[in-house]
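**Q** Attaching a predicted model along with its sequence, questions to come.
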Amino acid sequence: MAEAAKDNPKKKVDLGKILTIVFIILNVVITGGGAFLVFKSTLGWHAPVYTDEMATEKLQAEQKELEKLPLIFTMEKFKSNLDGLPIRAIEVEVNVEMMNRDGYEELIDSDNLVKVRDKVIHILQTKTFDDIETVQGKLFLKDQIARVLGEILIKGIVKDVFFSQFKVE
């Protein structure tokens, strides 16, 4: 009997090798499945078609939206002396709202901008503190600036003038 046991020994099962093989097979199956899903999801994809007509329509729609926006140009801050005694200084930041894009582009032209700044400074230097102290005085100043800008600009029509900073020292 001892000899029979020696001839047919029980084979030991190596659990580490079996788990390693199962892990490798499972890893290959999962990786292959993921690659298949990625490949399958890109099979029906086509590059979007963008025609000249579509681009023209989009550009026209954007231009219509831009036309609805107010065209406001903010000038740099002015600092000038007021007329009269005691000597006072005024510091203002002028915003000009234009009626159309052509007028806006004409206003931001460097040659016209220099003329506009000169005229605004000239207007400010002719005012006294009593002239601009009241709300009516400030409104009159806005109207005077709008009128002078209208004289300088050929295509542009000034819709309104705003002061975002108005400080008298």
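**A** Sure, I can see it. Since the model is a prediction, treat every value here as computed from it, not as a measurement.
**Q** only C-alpha atoms for contact and neighbour calcs from this point on.
**A** Noted.
**Q** which residues are contacting stretch 128-145?
**A** In this structure, residues lying in contact with stretch 128-145 by CA atoms under 8 Å, 6 or more residues apart in numbering are 82-84, 88, 120, 123, 160-162.
**Q** The most centrally placed residue in the chain is in what secondary structure piece?
**A** Residue closest to the average C-alpha location in the chain (CA atoms, centre = their mean): residue 66, at 13.3 Å. Per DSSP states H and E, residue 66 falls inside helix 52-68.
**Q** Pull out the buried positions in that helix.
**A** For helix 52-68, a neighbour-count test (16 or more other CA atoms under 10 Å) marks nothing as buried.
**Q** what does it rub up against?
**A** Residues contacting helix 52-68 (CA under 8 Å, 6+ apart): 100-101.
**Q** avg pLDDT for that helix?
**A** Mean per-residue pLDDT for helix 52-68: 86.
**Q** Please indicate which of the contacts of stretch 128-145 are buried?
**A** By 16+ other CA under 10 Å, these give 82-83, 120, 123, 160-162 as buried.
**Q** For the chain, give me the ranges with low pLDDT.
**A** 1-11, 44 (pLDDT under 70).
**Q** Can you give the distance from the longest helix anywhere in it to the centre of its chain?
**A** The longest helix of the chain (DSSP state H) is helix 15-41. On the basis of CA atoms, centre = their mean, to the nearest Å, helix 15-41 sits 49 Å off its chain's mean C-alpha point.
**Q** same check, this time on stretch 129-145
**A** Centre to centre, stretch against its chain (CA atoms, centre = their mean), the figure for stretch 129-145 is 34 Å.
**Q** Just the element for residue 85, please.
**A** Per DSSP H and E, there is no helix or strand for residue 85.
**Q** Now it: phi and psi?
**A** Dihedral pair for residue 85: phi -120, psi 150, per degrees, to the nearest 10.
**Q** What residues does it make contact with?
**A** Contacts of residue 85 by CA under 8 Å, 6+ apart: none found.
**Q** Who does whichever strand or helix holds residue 80 pair with, and is each partner parallel or antiparallel?
**A** Assigned by DSSP H and E, residue 80 belongs to strand 78-81. For strand 78-81, the pairing partners within the sheet under DSSP bridges are strand 89-98 (antiparallel).
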